[in-house]
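Novice: heads up, no residue letters with this:
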Ligand code: SAM
Ligand code: SF4
């Protein structure tokens with residue numbers, strides 16, 4: 001038997017890409033590939049790319065440039081680009097970087113085996129269609145081997161919201177929800193393989209409305225179905241849009257014990273003028289009232305968010321409104337970005353903020369976010385949390401896992417195993433993690 005071919009996948013961007021990379025590796029498994037962590041060993045290199053900000057695409061091109069030597073030394077090496085840069089740039093990638101053999105958009109992964117065969121035959125292989133068929137159903141069925149205790153599961157893709165800064169509606173296409181029975185089947189299979197925590201993924205996951213047995217099911221309905229799976233102990237979901245935070249979902253945060261007290265709910269900005277110009281269709285006030293309702297349902301919930309600073313026409317007063325909102329919410333985690341012009345989106349044509357001013361705002365916002373994050377993490381010291389252990393830590397006999405609030409927790413205890421959920425008392429708060437002792 002010939003040796004298996006080796007596949008090296010590098011994933012950029014969001015968790016949805018992490019899930020897609022897993023599924024692509026599985027699909028290529030049927031073509032005789034096994035994954036390798038070493039780019040030098042690879043027979044195929046696949047970059048699963050992100051197009052959300054400008055630098056991300058440029059990083060892909062410079063990464064591709066670095067493979068020149070490898071390809072010269074191993075002419076059989078195939079190089080592919082997947083993900084949102086592949087979708088947005090299409091053939092342009094092969095023009096700009098001729099060493100690329102294969103380009104596949106996020107909706108065409110199920111065609112990867114055919115594309116790979118075409119590339120192996122020496123042809124350029126390109127597919128950036130938005131096909132009708134369900135790619136998840138067409139993908140090779142998932143393996144049965146044991147795996148780690150946490151998994152992502154994409155339930156919804158695409159977006160119809162068209163925020164003025166964002167490429168997602170163009171690269172991932174219109175919003176589509178997967179039917180509930182397929183998600184539940186996949187979740188059951190993951191649990192059989194050792195998974196104890198599932199994070200449901202979607203660009204607007206709380207807009208989920210997949211077909212269920214009695215018509216469309218909401219995300220809360222899906223969560224309650226997942227709640228019935230024995231052995232599945234924790235459910236999370238990300239990313240949510242404020243406008244799709246329905247009453248049943250808020251209520252589930254108070255009543256579903258498996259639903260973890262953590263919510264990523266991006267607001268982007270605190271100024272109503274900017275929110276309107278972003279086409280966000282919510283105000284700062286409506287967002288704050290929404291958080292009040294969520295906290296009334298689940299008082300200890302840890303909030304996380306996304307922010308864009310330096311959006312076109314943002315003044316210092318607008319930026320102050322963002323700082324005020326952050327002070328009011330106090331996020332346990334938050335991701336903040338400098339506005340990045342995306343050609344083809346409405347905001348790209350507008351008056352841009354001076355880049356130095358935008359940098360300064362980003363630093364000021366991050367200082368406030370970091371202070372809150374620190375205070376919230378430090379306030380865990382002395383408390384008891386439940387930790388799902390995932391893997392050994394850096395020190396011998398140490399295990400690391402995540403608390404309900406998604407804080408990384410490490411415990412010195414050689415009796416702990418990956419997949420175990422244990423009560424832990426937090427004894428110290430470090431730079432990026434908490435230290436605890438088994439109760
Ligand atoms: N659907 C999610 C929502 O509406 O909150 C966000 C998905 S997007 C992939 C992740 C984050 O990237 C956004 O929340 C936004 O903060 C950031 N982002 C998107 N486009 C951007 C741009 N042009 N410049 C800077 N940040 C951007
Ligand atoms: Fe992009 Fe999210 Fe807005 Fe959709 S809702 S356009 S994914 S930022």
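Specialist: Structure's in. What do you need? What you see is a predicted model; the values in this text were computed from it and never measured. Ligands and ions are numbered 1, 2, ... in the order given.
Novice: Quick one: name the residues of the stretch 101-250 of the chain near ligand 2.
Specialist: Counting by Cβ under 6 Å from any ligand atom, the stretch 101-250 of the chain comes close to ligand 2 at 159, 161-163, 166, 168-169, 203-204, 241. C-beta coordinates here come from the backbone N, C-alpha and C atoms, glycine included.
Novice: Show me those residues that map onto strands.
Specialist: Using DSSP state E, no member of these falls in strands.
Novice: Any residues of the stretch 1-150 of the chain in contact with ligand 1? List them.
Specialist: Contacts of the stretch 1-150 of the chain with ligand 1, taken as Cβ under 6 Å from any ligand atom, map to 14, 52-53.
Novice: circling back to that earlier point, dump the residues of the stretch 101-250 of the chain next to ligand 2 to TSV, plus pLDDT, distance to residue 399 and neighbour count.
Specialist: Formatted as TSV, these follow (pLDDT from 0 to 100; distance: Cβ to Cβ, whole Å; neighbours: other Cβ atoms under 10 Å):
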residue	pLDDT	distance to residue 399	neighbour count
159	94	38	22
161	95	40	17
162	96	44	13
163	97	40	21
166	95	39	21
168	92	37	23
169	93	42	17
203	93	33	22
204	95	35	21
241	97	36	21
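Novice: Among the residues you listed, name the ones in helices.
Specialist: Members of those lying in helices (criterion: DSSP state H): 168-169.
Novice: Looking at the residues of the stretch 1-150 of the chain next to ligand 1, which is nearest residue 108?
Specialist: Closest approach to residue 108 among these (Cβ to Cβ): residue 14, at 18.4 Å.
Novice: tally of neighbours for the closest one?
Specialist: Number of residues near residue 14 (other Cβ atoms under 10 Å) recorded here: 19.
Novice: so who does the closest residue to it other than its chain neighbours touch?
Specialist: In space, and not counting its chain neighbours, residue 14 is closest to residue 50: 6.8 Å by Cβ to Cβ, 6 or more residues apart in numbering. Going by Cβ atoms under 8 Å, 6 or more residues apart in numbering, residue 50 touches 12-14, 17, 56, 83-85.
Novice: min pLDDT across these, which one?
Specialist: The lowest pLDDT within the contacts of residue 50 belongs to residue 56, with 77.
Novice: That one: which element?
Specialist: Using DSSP states H and E, residue 56 maps to helix 54-65.
Novice: Run through the helices of the stretch 251-400 of the chain in chain order.
Specialist: 272-277, 284-297, 316-329, 355-378 (DSSP state H, counting those that start in this stretch).
Novice: so which pair among the contacts of residue 50 is furthest apart in space?
Specialist: Counting by Cβ to Cβ, the most remote pair of these is 14 and 85, 13.2 Å apart.
Novice: for the lowest-mean-pLDDT helix or strand in the chain, packing partners?
Specialist: Ranked by mean pLDDT, DSSP states H and E, the helix or strand of the chain with the weakest confidence is helix 135-138, at a mean of 79. If contacts are counted by 3 or more Cβ pairs under 8 Å, 6 or more residues apart in numbering; DSSP states H and E, helix 135-138 sits against no helix or strand.
Novice: ok, whichever helix or strand comes after it: who's next to it in the sheet?
Specialist: Using DSSP H and E, the helix or strand that follows helix 135-138 in sequence is strand 150-154. Here strand 150-154 has these sheet partners by DSSP bridges: strand 197-201 (parallel).
Novice: which other residues reach whatever helix or strand comes next after the strand it pairs with?
Specialist: Sequence-wise, the next helix or strand downstream of strand 197-201 (DSSP H and E) is strand 211-212. Contacts with strand 211-212, where a contact means Cβ under 8 Å, 6+ apart, come from 177, 179-181, 217, 221-222.
Novice: please redo it, this time with the cut-off set to 7 Å
Specialist: For strand 211-212, contacts defined as Cβ atoms under 7 Å, 6 or more residues apart in numbering pick out 179-180, 221.
Novice: Please identify which of the helices of the stretch 251-400 of the chain is closest to ligand 2.
Specialist: Proximity to ligand 2 (Cβ to the nearest ligand atom) singles out helix 272-277 among those, at 11.5 Å.
Novice: can you pull the buried residues of the closest one?
Specialist: 272, 274-275, 277 (16 or more other Cβ atoms under 10 Å).
Novice: Can you get me a residue count around residue 218?
Specialist: For residue 218, the number of neighbouring residues by other Cβ under 10 Å comes to 22.
Novice: what's it in contact with, if anything?
Specialist: For residue 218, the contact set (Cβ under 7 Å, 6+ apart) comprises 208-209, 246, 248.
Novice: Could I get the phi/psi values of the closest residue to residue 203 other than its chain neighbours?
Specialist: Once flanking residues are discounted, residue 203 sits nearest to residue 159: 4.6 Å by Cβ to Cβ, 6+ apart. Per-residue torsions, residue 159: phi -160, psi 140 (degrees, to the nearest 10).
Novice: what's the answer for residue 395, then?
Specialist: Residue torsions, per degrees, to the nearest 10, at residue 395 are phi -90, psi 150.
Novice: Please apply the same query to residue 408.
Specialist: According to degrees, to the nearest 10, residue 408 has phi -70, psi 130.
Novice: Which residues does it form beta bridges with?
Specialist: Applying DSSP bridges to residue 408 gives these bridge partners: residue 402.
Novice: Surely residue 71 touches residue 100?
Specialist: No: using Cβ atoms under 7 Å, residue 71 is not in contact with residue 100; the gap is 9.9 Å.
Novice: doesn't residue 46 fall inside a strand?
Specialist: Yes: if the criterion is DSSP: H, G, I helix; E, B strand; the rest coil, then residue 46 is within a strand.
Novice: Kindly state the pLDDT recorded for it?
Specialist: 97.
Novice: beta partners of it?
Specialist: Here residue 46 sits in beta bridges with residue 9, residue 80, as judged by DSSP bridges.
Novice: I'd assumed residue 79 was in contact with it.
Specialist: No: using Cβ under 7 Å, residue 46 makes no contact with residue 79, being 8.0 Å away.
Novice: what about residue 438, neighbour count?
Specialist: 15.
Novice: quick one: residue 183 and ligand 1, what's the gap?
Specialist: Note on residue 183: its distance to ligand 1, by Cβ to the nearest ligand atom, to the nearest Å, is 19 Å.
Novice: Can you name the residues that contact the nearest residue to that residue once chain neighbours are set aside?
Specialist: Leaving out its chain neighbours, the residue that sits closest to residue 183 by Cβ to Cβ, 6+ apart is residue 155, at 5.3 Å. Residues near residue 155 by Cβ under 7 Å, 6+ apart: 177-178, 183, 200-202, 205, 208, 210, 222.
Novice: for the residues of the stretch 1-150 of the chain next to ligand 1, which one is nearest ligand 2?
Specialist: So of these, ranked by how close each gets to ligand 2 (Cβ to the nearest ligand atom), first place is residue 52, at 8.3 Å.
Novice: That closest one: what's it in contact with?
Specialist: 13, 167.
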